[in-house]
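1. for reference, the sequence and a predicted model appear below.
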Amino acid sequence: MAKRLVLTSVAILLAVAGLLPILAMLVKSVMVDDHFSLAFYQELLASGREVTLMRHSMALSTLTTLFATVIGLPLGILLAKTDLPLRQLFILLFTIPLLVPPYITAVSWFNLLGRDGLLARYLDPSLAKTTSAWLFGLPGCTLVLSSTFLPIVMLLTIASLKTVNPRLEEAGQLVAGWFSVLRGITIPLILPGVLLAAMLVFLLTFGEFGVPAFLGYDVFPVESFTQFSAFYNFSAATAAAIPLAVVAFLVLAAERFFMREKTDQLRPAPDGEQRSFIGLGPLRRWVLALVSLLCLIIVVVPVLALLLQSATTSAYVEALNRAGHSLLRSVVYALVGATLLTSVGFLSGYLIQTRTLPFWRSVDALTIFLFALPSTVTGIGLISLWNRPWTNFIYTTPAIIILGYLAKYTALTSRITVSTLAQIPSSMEEAAQVVGAGWVRRMGVIVAPLARHGLVAGWLVGYIFCLRDMGITMMVYPPGHETLPVRIFTLMANGSPQLIAALCVIMIVATLLPLSMLWMVFRTAMRGGAR
Amino acid sequence: MKRAHMKRGWAILTMITALVGYLGCYRTAQRSDTVTVYVSEDEVFSEPILKDFERETGIKVQAVYDTEEAKSTGVMNRLIAEQDNPQADVYWANEPIRAEVLKQKGISAPYVSPNAADIPAAFKDPEGYWTGFSARARVLIVNNKVNPKPHSILAYTDPRWRGRAVIANPLFGTTTVEIAALFTIWGEDRAMAFMAEMKKNGVAISPSNGESADFVASGQFDFSLVDSDDVVSRLRRGEPVEMIYPDQGENEIGCLIVPNAVVLIKGAPHPDAARRLIDTLLSKATERKLAFADCAQIPLHPGVETPPDVMRLDKMHVMSVNYADVARKMMEIQPYLKRWAGL
C-alpha cells in the first residue's frame, strides 16, 4: 500500500512539474484562432529545409555520441580498474569540460584554430586557414561537443564499474586474460550504464544550439529557437520542438530494444569487497602518455586558455564583486536540486525497473520527453502554468527554478537508478519481504544501501547539471536572483574576455570543490563501512 | 543506532530550516520598495545605471537581463508569457522594434516622461508607449589589415569582398532593424535585390553582432555591419579594428541610428517606482553616463557632454526612418528573411 502510494505520488509530482506545463504548450500548438488545427505541423512537414536540418542534427549527434563513447568507455575503465598513476586527478580533470559552457569551449577552440588564432600566430598561417575551415562545420562541432559530453560516458562507466561483482571477473580470470574478461564479462555487465550515457550524450547534442550556431552548422533546434525569438510564436515554436521529442522516443525505444536482450544475462550480487585492478605492466607508461595527451587536448588547452585570459587579480576581484551572490545562489539551488532529483529519480527509477504500477512506461517516457525538449518550451510552459496571482509563492521564488530542474533533469537520476537497480537481484528485496519487512523498510535497509553507488553518481550528475543549467533558469529565475551560468552569459555581451574567463574558472572551482569533498567523505564512509 | 538516526534527523531538519529561512528572506526582500526591470541592453552597461538609481532613490531594483550573444529568447518571451500576471514594471529594450511589438501585443502602457520633452520626436512613440534614449549607430567594423576600406553597406555586394564579409543573422536583433529599414527606404524590389546580391557575393552569417565583431577583429573576415558599441568595446580593448560610419556621402542613405527604448508594462506591480525609473533612464545624466561608458552611446538630448570618440547626431548623416513603419515592415519580411538565411 505504502509502495503504491509513494510511487503514485512521485508520478503525480513529475506530472505537475513537467507534464502540465508542456500540455499547456501542446494544446496551444494545435489551436489556431481558438480552433483545432494542425497548420503549424503541416507547415513544418512541408518545408524541405527541415529535412536537411534534421539530417545535420542526426549526423552531429551520432558522431558526437560515437566519439564520446569510443573514448569515454575505455577511459572510464582505465581510470576505475587499472593501476594507471594519477587516476583520481585524471577523473577530476576530465570532468571539467562538462562544467564549462560548451559555447565558451567553442570560443577557446576558435581562438586556437581560427584564421588569425594562436596557431596562425605561432605556426603556419596557411595551416590555420585549413584548421579554421575544418572548425567551422560538422568536424568542429563534433570536436567541441564530444569533449564537452565525454565526461558523462566516463563518469557513468566508472559508476557502473563500481557495481560489478569482482568475483565474476576473478572467475573469468582463471581461464582468460583481462582483455577477454573485460569483453566477455565486465562490459556486458556495465552495458546499461554505458548505453544510458550514450543516450544522454545523443539527446544533449541533439538539443544543443549555441555551439552549432557559433560554428555555422545549422541544426534542427534552430527552427524552434527562430519561432520563439524572431516571430514570438509560441505555438509554432512548440510544434517545431516536437520532432526533438519524437527522436528522443526513438532513441529510448532503441535503448529498450537493445537492453531487452542484454540486461538479464548476468546479475552479480554486489558486496563490499575491493574491486579488481588490472595491472597495465609495461604498457603503463604508454597508456599514461596517451591519457595525458588526451587530457592536454580536451581539458588543458581550453582551461589554459581561460586561465591565461583571466590571469589578473583584478579580473577575479571584479568577477567576485559582480557574481559573488550568483555563485552562492547557484551552489544552494544545485544542492537542493540535486537532492530532490536524487530522491525523485530514485523512486521513479525504482518504479520503472520494478514495473510496480501499470503506467511505469509512461513515467519513463515522460522524463525522457522532458529531457529532450528545448528548455525554452519547458520554461514558457512553466510560466504559463505557475505565473498566477495565487501561485506567486512558487513563481516569484527560487522554487520555480527547482521545479524546472525537476522537470528537465529527472531523466538523469531516474535512468541512473534504473541501470543501477538492473545490477541488483530482485531476490534480495524479496527475501526481506518474506521475513516480513515492509516496503519502506526494505527500501531503506536493502535497496538504497545496495544502490548507494548509483545514488551518489545520480546526486553528482544532478548537482553538475543543476549548477551548469542555463536554459531553464534563464527563462524562469526570479528578478534579481540569477545564477552563475546566467550571469556568465549575460555578462558575455561586450563584457571583458578577462572577466568572462575568470567567471568560468570560478564556476569550475565551485563545481569541483564540493564534488571532491563529497567524494572524499563518501569514500571514507565506504572504507569505514567495509572495515 | 537510534542516536545516529536522531543525529541524521537533526541534520536534515537543520538543512530544511536553513532553506526555508533562505526562501523566507527572499520573500521578505520582495515585499520592500522595489521596481522590477527586464533588460535587453547589455548587462555590463545597464547594471551600473540601475545601481546608481538604487543608490539615489533607495528603491531596490530587481533585474532580469538578456543578451543576444547568449542566444537566449528570455526577456521578450517572458514578457509575452507573463502578460496575464505581469511581474515586470519596466522593459529596457536595446532597440525600439521590440518595444513596438509589445505595443502591438497590448503588453505596454503609455507614459510620457517629463524628461523626454526635448528628445526628438523621431525617437519616441507619439502615444508614449515607448521612448528612445542613448542610441547606437549601425557602423562597419573593419580589420586594420584591410586596405582600401569599405565605406558603404553596398560593399557587401562588391566582388572585391567576395567571401570576406560577415553579417549577423538578419532574423534577430538590430540587423533585422537595419534590413527592415532598408526595405522602407528602398522599397521591396531594390532591398530584395540587395539581399540576393549580398548572398551571391558569399556573405557569411554569424549568430550575433558581437560574434561578427570578434570574427573581424580576429581576421577571420574583413568587415561587418554591427552596432557602434560592438566596435568601441573592441577598440578600447586594443583590438586591430576601425569603426566606419557608412554611407555618409550627400546622396547616400546615411547611418541607421538605433536608440534604446524604455517601456512601462501594462499592469505593472509597482507603477510609481516604474515611472521614477523611466524618468531616470530618460534623463540627461543617464545619457551622459552611457556616452562615457564603453558602449559609447550617442545622446538624444541636445547639449549632453560626450567623449571625443562619440560622434554626435548633428555631425553625422543619419538614415531617415520611421520606427513604427520599420517595426511593421519587420513583421512583414520575417518569413522572407527566414528563407534568405536558409532557416
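-> Done, it's in. Numbers count the residues shown, from 1 in each chain, chains lettered A, B, ... in the order given.
2. what's the burial count for residue B:277?
-> 26 (other Cβ atoms under 10 Å in any protein chain shown). Quick note: C-beta positions are derived from backbone N, CA and C, even for glycine.
3. ok, the host helix or strand of it near chain A or not?
-> If you go by DSSP states H and E, residue B:277 is part of helix B:271-281. No: Helix B:271-281 lies out of reach of chain A by Cβ under 8 Å from any Cβ of the partner chain, never closer than 12.9 Å.
4. run the chain-centre distance for that helix.
-> The chain centre lies 19 Å from the centre of helix B:271-281; the measure is Cα atoms, centre = their mean, to the nearest Å.
5. dump that helix to CSV, restricted to CA.
-> C-alpha atoms of helix B:271-281 as CSV (Å, rounded to 0.1, in the frame of the first residue of the first chain):
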residue,chain,number,x,y,z
PRO,B,271,3.8,51.7,-11.2
ASP,B,272,5.1,54.7,-9.2
ALA,B,273,8.6,53.2,-8.9
ALA,B,274,8.4,52.2,-12.5
ARG,B,275,7.8,55.9,-13.6
ARG,B,276,10.7,57.1,-11.4
LEU,B,277,13.0,54.6,-13.1
ILE,B,278,11.8,55.6,-16.5
ASP,B,279,12.3,59.3,-15.7
THR,B,280,15.9,58.4,-14.6
LEU,B,281,16.7,56.4,-17.7
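6. mind exporting the helix or strand following that helix as PDB, just the C-alpha atoms?
-> Following helix B:271-281 in sequence order, the next helix or strand is helix B:284-292 (DSSP H and E). Extracted in PDB, the C-alpha atoms of helix B:284-292 (Å, rounded to 0.1, in the frame of the first residue of the first chain):
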ATOM      1  CA  LYS B 284      20.500  63.800 -19.500                       C
ATOM      2  CA  ALA B 285      22.600  62.300 -16.600                       C
ATOM      3  CA  THR B 286      21.900  58.700 -17.800                       C
ATOM      4  CA  GLU B 287      22.700  59.700 -21.400                       C
ATOM      5  CA  ARG B 288      26.000  61.200 -20.300                       C
ATOM      6  CA  LYS B 289      26.900  58.100 -18.300                       C
ATOM      7  CA  LEU B 290      26.100  55.800 -21.300                       C
ATOM      8  CA  ALA B 291      28.200  58.100 -23.600                       C
ATOM      9  CA  PHE B 292      31.200  57.800 -21.300                       C
END
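7. what about helix B:284-292, distance to the chain center?
-> 16 Å.
8. now do that helix against helix B:271-281, angle only.
-> Per axes from the mean of the first three to the mean of the last three Cα atoms, to 10 degrees, the angle that helix B:284-292 makes with helix B:271-281 is 50 degrees.
9. so what does helix B:284-292 touch, helix or strand wise?
-> helix B:43-57, strand B:131-143 (3 or more Cβ pairs under 8 Å, 6 or more residues apart in numbering or on different chains; DSSP states H and E).
10. ok but residue B:342 is inside a strand, no?
-> No: Residue B:342 sits outside any strand when classified using DSSP: H, G, I helix; E, B strand; the rest coil, being coil.
11. near it, how many other residues are there?
-> There are 12 residues near residue B:342, going by other Cβ under 10 Å.
12. that one contacts residue A:218, doesn't it?
-> Yes: counting by Cβ atoms under 8 Å, residue A:218 is a contact partner of residue B:342 at 6.8 Å.
13. mind listing the helices for the stretch 151-300 of chain B?
-> B:173-186, B:188-200, B:209-217, B:228-236, B:271-281, B:284-292 (DSSP state H, counting those that start in this stretch).
14. how many degrees apart are the last one and strand B:131-143 in direction?
-> What it means is helix B:284-292. For helix B:284-292 against strand B:131-143, the angle by the same axes, to 10 degrees is 10 degrees.
15. quick one: mean pLDDT for helix B:284-292?
-> Per-region confidence: helix B:284-292 scores 95 on mean pLDDT.
16. show residues contacting the helix holding residue B:277.
-> The contact list for helix B:271-281, computed with Cβ atoms under 8 Å, 6 or more residues apart in numbering or on different chains, reads B:33-35, B:37, B:49, B:53, B:56-57, B:59, B:61, B:89-90, B:92, B:111, B:113-115, B:131, B:133, B:260, B:262, B:264-265, B:268, B:286.
17. check stretch B:308-322 too.
-> Taking Cβ under 8 Å, 6+ apart as the rule, stretch B:308-322 contacts B:122, B:135, B:137, B:181, B:184-185, B:232, B:235, B:245, B:247-250, B:252-257, B:291, B:296-300, B:306.
18. got a quick PyMOL command for the buried subset of those?
-> In PyMOL syntax, the buried subset of the contacts of stretch B:308-322 is picked out as below (16 or more other Cβ atoms under 10 Å in any protein chain shown):
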select buried, chain B and resi 135+137+181+184+185+232+235+245+247+248+253+254+255+256+257+291+296+297+298+299+300+306
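19. that older thread, go through the helices of the stretch 151-300 of chain B and pick out the most buried.
-> Most buried of the helices of the stretch 151-300 of chain B by mean neighbour count (mean count of other Cβ atoms under 10 Å in any protein chain shown) is helix B:209-217; its value is a mean of 26.
20. show me what that one is packed against.
-> strand B:131-143, strand B:165-168, helix B:173-186, strand B:204-206, strand B:223-227, helix B:228-236, strand B:241-244.
21. for the closest residue to residue B:296 other than its chain neighbours, list the residues it contacts.
-> Counting by Cβ to Cβ, 6 or more residues apart in numbering or on different chains, residue B:232 is the residue found nearest to residue B:296 once chain neighbours are left out, at 4.1 Å. Listed by Cβ under 8 Å, 6+ apart, the contact set of residue B:232 reads B:243, B:294, B:295, B:296, B:309.
22. buried ones among those residues?
-> The neighbour count (16+ other Cβ under 10 Å) marks B:243, B:294, B:295, B:296 as buried among the contacts of residue B:232.
23. now the residues you listed as a markdown table including distance to residue A:202?
-> Rendered in a markdown table, the data for these read as follows (distance: Cβ to Cβ, whole Å):
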| residue | distance to residue A:202 |
| --- | --- |
| B:243 | 44 |
| B:294 | 42 |
| B:295 | 41 |
| B:296 | 45 |
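24. from the contacts of residue B:232, which land in strands?
-> If you go by DSSP state E, these have residue B:243 in strands.
25. re earlier: and the angle from the helix holding residue B:277 to helix B:43-57?
-> Using the same axes, to 10 degrees: helix B:271-281 against helix B:43-57 is 120 degrees.
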